[in-house]
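> give me a model of this one.
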Amino acid sequence: MTTTLTHAAGSFAEARHHPLTMTFLVVLFWAAAGVLVVTARVELDSLSTTAGVVTAIVAIAVAASCYMRLCARNCGSSHALGVGIVWLGLALVTEITLTTRLGHGWFALLGSPERPVIRDVLLLTWVFAPAMFAHRESSLP
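Reported below is the predicted structural model:
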């Protein structure tokens with residue numbers, strides 16, 4: 001007879017989570033990354049656009065690393081790319097919503113269309129940052 005007392009409990013990061021829990025965690029870590037990116041862009045872009053963008057990229061990478069390490073350690077690259085696509089979608093929806101509500105362009109999460117290279121780099125960073133920290137090629141069965 002096996003009980004929980006005879007087997008060590010796995011860590012939270014190694015457990016398979018309910019889809020609602022996973023959705024909440026994906027949105028939570030995106031929100032944390034988003035706050036850091038907006039703060040970096042607002043505070044640093046006036047001093048140096050490069051510093052603002054580099055800090056934003058680092059903030060996204062740190063959030064992705066924390067998500068993959070703390071919540072999805074055993075998930076593979078397909079899960080990580082899915083998370084990245086969701087993060088990009090959330091950033092797009094947020095920018096469209098704020099642009100509509102404010103009545104003028106708001107580009108803090110993805111960068112201004114006037115600077116397409118910076119915008120492209122940030123778009124790719126949102127998608128591929130989680131995948132940089134995936135440990136396996138395939139996702140959990």
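
> which residues touch the one helix or strand Ala63 maps to?
Using DSSP states H and E, Ala63 sits in helix 49-70. Contact with helix 49-70 is made by 12-13, 25-26, 29-30, 32-33, 36-37, 40-41, 43-45, 75, 80, 83-84, 87, 111, 115, 118, 121-122, 125-126, 129-130, 132-135, as judged by CB atoms under 8 Å, 6 or more residues apart in numbering. C-betas here are computed from N, CA, C, even on glycine.

> now the buried members of these.
25-26, 29-30, 33, 36-37, 40-41, 44-45, 75, 80, 83-84, 87, 111, 118, 121-122, 125-126, 129-130, 133-134 (16 or more other CB atoms under 10 Å).

> buried set for the helix holding Ala63?
Gly52, Val53, Thr55, Ala56, Ile57, Ala59, Ile60, Ala61, Ala63, Ala64, Tyr67, Met68.

> need the contact list for the residue positioned nearest the centre of the chain.
The chain has Trp30 as the residue nearest its centroid, 4.4 Å off, counting by CA atoms, centre = their mean. Applying CB under 8 Å, 6+ apart, we find Trp30 in contact with Ala63, Val86, Trp87, Leu90, Ala91.

> same question for Thr97.
Counting by CB under 8 Å, 6+ apart, Thr97 has no contacts.

> any weak-confidence spans in this protein?
Counting by pLDDT under 70, the chain contains low-confidence ranges at 1-17, 136-141.

> the helices in it, which residues?
Residue ranges of the helices in the chain, as given by DSSP state H, are 19-44, 49-70, 77-102, 116-132.

> tell me what angle the second one forms with helix 19-44.
In terms of direction (axes from the mean of the first three to the mean of the last three CA atoms, to 10 degrees), helix 49-70 departs from helix 19-44 by 160 degrees.

> what about helix 49-70, distance to the chain center?
8 Å (CA atoms, centre = their mean, to the nearest Å).

> what of the shortest one?
Taking CA atoms, centre = their mean, one finds helix 116-132 lying 10 Å from the centre of the chain it belongs to.
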